[in-house]
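J.: Next one to model:
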Amino acid sequence: MEKKTHDATNELERYFDGEAIDFSLDVDISYLSPFEQKVLMETRKIKYGKTITYSELAEKIGSRAVRAVGNALGKNPIPIIIPCHRVVAKKGIGGYSEGIDIKTRLLELEQVNANNL
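T.: Residues are numbered from 1 along each chain as shown. Here you go, the predicted model:
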């Protein structure tokens, strides 16, 4: 357990120092519905500094239920590790469980200009 905590801390520190990092931590989301798991696992594939829209994410998992995708993202137990801040609205930044200001800061940390969304 200590090694996992150390690994998580190390990866988060590197992320907040501006390093383009894809988190390698194992995440247990088995308590979520199969749909929610699918949404979050696909979200985890979004690379540092990239964004996709809610509708693009829905399409990637073979769904047209864009609102359900947004609701699933709202149940993300570990934002940043599962980078739901990289999912944006077609016009604008969209919502975020931790607040729009935090989402904007995370995107800007990753060199995404949130004002252009």
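J.: so Tyr48 makes contact with Asp22?
T.: Yes: with contacts counted by C-beta atoms under 8 Å, Tyr48 reaches Asp22, the gap being 6.6 Å. Every residue, glycine included, has its C-beta placed from N, CA and C.
J.: With neighbour numbers in mind, choose between those two.
T.: Remark: of Tyr48 and Asp22, Tyr48 carries more neighbours, 17 against 12, as counted by other C-beta atoms under 10 Å.
J.: Can you tell me the SS state at the closest residue to the more buried one other than its chain neighbours?
T.: In this structure, Tyr48 finds its nearest non-sequential neighbour in Ala20, 4.2 Å apart by C-beta to C-beta, 6 or more residues apart in numbering. Three-state call for Ala20 (DSSP: H, G, I helix; E, B strand; the rest coil): coil.
J.: Glu2 and Ala8: what is the separation?
T.: Using C-beta to C-beta, to the nearest Å, one gets 11 Å for the distance from Glu2 to Ala8.
J.: Just want to know which of these two has more residues nearby.
T.: The residue with more neighbours, out of Glu2 and Ala8, is Ala8; 15 against 6, by other C-beta under 10 Å.
J.: Tell me the buried residues in whatever helix or strand that one lives in?
T.: Using DSSP states H and E, Ala8 sits within helix 2-16. By neighbour count on 16 or more other C-beta atoms under 10 Å, the buried set for helix 2-16 is Glu11, Tyr15.
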